[in-house]
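[1] sequence and predicted model, in that order:
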Amino acid sequence: MLKLIVADSNLKLLSTWSEVFQGISEVLFMNIDFKSLVKLPEIDAVLVRWLFAHERYGGTPQINQSQILSTNGEIGMPSWVVTTPAFRSDTTPLPEEYDYTEFSQVFESIEQFNKTNKQSNIETLGFELSFLYSFRGELPYKEAEAVRKAYVEHCSRHSNL
């Protein structure tokens, strides 16, 4: 089962998400920043917004698809970067709908990667909340609930929570 390490140095934001994910032992919350997160040895991949991931690690964004890019052994980074999917700009879903779709795509991408990759599997995904939500102004409670829903659905398809 895919494990998540959710990090942030903003305790209020981290607490909000922790409350929503209460009772799911496969999701760990840590009061650390992105640089500390990516150095954790248990992280196989880190989630990065598609624009930044493709700028740094190459590849071409695919509409509505999360992708997995190699960090090519970059020091201080896990082996893999999972991109958020790029969405068409002519749609404006509610933030929680956006996050549900985004994370559903991320989890599906990891599942497909694990089925086909012969090098290694992604068993633990890390992400920093502020990095994902830096463009939004309020605490993303509904968004956290949407991500929880996507995660629980993903896990229920692959094992029991």
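    Done, it's in. Residues are numbered from 1 along each chain as shown.
[2] hey, let's count contacts and neighbours off CA atoms from now on
    OK.
[3] just want the most central residue of this protein.
    Central residue of the chain (Cα atoms, centre = their mean): Leu47, 4.2 Å from the mean position.
[4] just the element for the closest residue in space to it that isn't next to it in sequence, please.
    Spatially, and ignoring its direct neighbours in sequence, Leu47 is nearest to Val82 (4.7 Å; Cα to Cα, 6 or more residues apart in numbering). According to DSSP states H and E, Val82 maps onto strand 80-83.
[5] pull out the buried residues from the helix or strand just after that strand.
    Downstream of strand 80-83, the first helix or strand assigned by DSSP H and E is helix 95-116. Under the neighbour-count criterion of 16 or more other Cα atoms under 10 Å, helix 95-116 has 96, 98-111, 113 buried.
[6] tell me the one among those nearest to Leu4.
    Checking the buried residues of helix 95-116 against Leu4 with Cα to Cα, the nearest one is Phe107 at 10.7 Å.
[7] that closest one contacts Glu153, correct?
    No - if you go by Cα atoms under 8 Å, Phe107 and Glu153 don't touch, sitting 9.8 Å apart.
[8] is there a neighbour count for Lys118? I'd like the number.
    8 (other Cα atoms under 10 Å).
[9] mind checking pLDDT for it?
    We have a pLDDT of 82 for Lys118.
[10] that one: which element?
    Counting by DSSP H and E, no helix or strand carries Lys118.
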